[in-house]
Structures are given as C-alpha cells and as structure tokens.
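Asker: Here is my input, please return the structure:
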Amino acid sequence: MSGCSRRTFNLVACGAAVELWACGTSLKTLTPSGNVVTLSYAEFPQLASPGGSAVVAVSGQFPLAVVRTDDATAVALSATCTHAGCTLEYAPERTQLHCNCHDANFTLDGAVVSGPTVIPLPVYPATPGADAITVDLR
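Answerer: From the prediction side, this is the model:
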C-alpha cells in the first residue's frame, strides 16, 4: 500500500466499517475455523441448489460472496469492491457481482466487467458438500 501509513489505513478501514453499520447492513457473520469458513445449507438454504447465493461477513476478515453455480460447483469471491470498499451484491440476472456505490460489475471469476476499478476481486476455492459449502480463505 504505497503512500498509505498504518494510521491512514486504520482510519479508512474504520470509516468503511462505520459506513457499513450506518447503511444498516445485516450480513450474517461467520467465524472461520483455521482458514476455512463453512456455510451450512441449514443456515443458508439458498446455497443448497444452483443459482443460490449468500454474502456474509467473515469475522476478522472481509465480506465474502458465495454463489452455487451448479450441482457440483460453487464460487467464492471477496465481496469488497476494489474501487472504494463497498460491499458487493450478487446480481443473478447478470450472473455478476454488482457494486451499488459506483456501478462496478465483476464476473464470477473476479474479472472487472465495468466500473471505475480495474482491479479484479480475489477468488477463493469453494467446495459444495452434502450439507454445506466450505471456502478456503488462504
């Protein structure tokens, strides 16, 4: 982070957290076990079938978007816009993540489709199982 002191970064990060709180975000917060976060179908029934999605906060880390793409596959991406740090939403009609702050759009492999950013989203391995999707955050 060239040109960004620790104090500046902390102020920006705290400002983003305050902005999320002020907007009334109600993301469910999950606590990872090691470097893995688990989204159970009992807690997120929409992920049990293709097309379902969830955006969750990961304790001590960042928001995460998980999308069930078919019976055997899911994708997980950072749900933090790489432009201004806003939380992204899944837009199923376009099969993309969308940022309402500045109208940026990202594919499910993290690539930028449109918007002021040119920085892709980090992508994480996601594995659907019998009762949950696990995401490796390493």
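Asker: which strand is the longest one in the chain?
Answerer: Looking across the chain with DSSP state E, the single longest strand is strand 63-70.
Asker: Could I get the CA-only coordinates of that one as PDB?
Answerer: Extracted in PDB, the C-alpha atoms of strand 63-70 (Å, rounded to 0.1, in the frame of the first residue of the first chain):
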ATOM      1  CA  PRO A  63     -17.200  -9.900   3.300                       C
ATOM      2  CA  LEU A  64     -17.400 -12.900   1.200                       C
ATOM      3  CA  ALA A  65     -19.800 -13.700  -1.700                       C
ATOM      4  CA  VAL A  66     -20.600 -17.400  -2.300                       C
ATOM      5  CA  VAL A  67     -22.600 -18.500  -5.400                       C
ATOM      6  CA  ARG A  68     -23.800 -22.000  -6.200                       C
ATOM      7  CA  THR A  69     -23.200 -22.300  -9.900                       C
ATOM      8  CA  ASP A  70     -24.400 -25.900 -10.500                       C
END
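Asker: neighbours around the nearest residue to D109 once chain neighbours are set aside, how many?
Answerer: Spatial nearest neighbour of D109, excluding adjacent residues (CB to CB, 6 or more residues apart in numbering): V123 at 6.3 Å. From N, CA and C alone the C-beta is placed, and that goes for glycine too. For V123, the tally of surrounding residues (other CB atoms under 10 Å) stands at 16.
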